[in-house]
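Engineer: what's the 3D shape of this:
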Amino acid sequence: MVKLTMIARVTDGLPLAEGLDDGREQRDLELYKQQAKSLFKKLSQGQHEASRMSIESGPYVFHYIIEARVCYLTMCDRSYPKKLAFQYLEDLKNEFEKVNHSQIETVARPYAFIKFDTFIQKTRKLYLDTQTQRNLAKLNDDLYEVQQIMTRNVQEVLGVGEKLDQVSQMSSRLSSESRVYADKAKDLNRQAFIRQWAPIAIVIGVVVVFLWLKGYIWK
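Structural biologist: You can find the predicted model right below:
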């Protein structure tokens, strides 16, 4: 199944469009998005990777194609057919170039083509079930051969993977510790406030009661 789709400009790594699944089955999506962005950054720095490649990362595989200085990337389950993944990317590439080609080099803000997500989601649905007649025909189509496309590991390509897992875990741990420390700090501040103002509040209370009693007695 297609889990993540991102389109970026190769010259500077600027994300142009993105399509996600519903997120219910993929809690660690942000980690893989960071890996995809790291790949875009590497490509923008003049790293001469192949124009078509598959990159294994944990239980998933990134597949990407580069055409006209634009990188079309998707992340799928390892079991998802490689040929369908690249056919999916080809469909996205053809439509994206047809609709947006005149603006690709000039846009300056990230996700300038956010409306393209509609086409991404529509196309993604066509590729969800690998057993449909349409997709079986594509799998049997010899016109698009993917056996020669290189498959590498994310550690090889980016020098990350386990490091990103560690960073993610550390960030989560630090965030949890920060919340504990913040709660403790609030308790200490509350106690200090009470110690500082409680005596004054008691004195004021006694004075108020005394004045009330005095006024009541002198009536």
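Engineer: per-residue confidence averaged over the helix or strand containing residue 202?
Structural biologist: Residue 202 belongs to helix 162-217 when assigned by DSSP states H and E. Mean per-residue pLDDT for helix 162-217: 63.
Engineer: Kindly report the same for stretch 51-64.
Structural biologist: 91.
Engineer: Helices of the protein, start to end?
Structural biologist: Along the chain, the segments classed as helices by DSSP state H run 29-44, 82-100, 117-126, 133-139, 154-158, 162-217.
Engineer: can you pull the buried residues of the second one?
Structural biologist: In this case it means helix 82-100. 82-89, 91-93, 96, 100 (16 or more other CB atoms under 10 Å). C-beta here means a position set from N, CA and C on the backbone, and glycine is covered the same way.
Engineer: The residue most central in space within the chain and residue 88, how far apart?
Structural biologist: The centroid of the chain falls nearest to residue 30 when counting by CA atoms, centre = their mean (3.4 Å). Taking CB to CB, to the nearest Å as the measure, residue 30 falls 22 Å from residue 88.
Engineer: Likewise for residue 95?
Structural biologist: From residue 95 to residue 88 the distance is 11 Å (CB to CB).
Engineer: Over to residue 79?
Structural biologist: Per CB to CB, residue 79 is found 15 Å from residue 88.
Engineer: what's in contact with stretch 115-128?
Structural biologist: 1-2, 5, 7, 16-19, 84, 87-88, 91-92, 95-96, 99-100, 134-135 (CB atoms under 8 Å, 6 or more residues apart in numbering).
Engineer: In terms of pLDDT, where does residue 32 sit?
Structural biologist: 87.
Engineer: Count the residues that sit near it.
Structural biologist: Burial of residue 32 is recorded as 20 neighbouring residues (other CB atoms under 10 Å).
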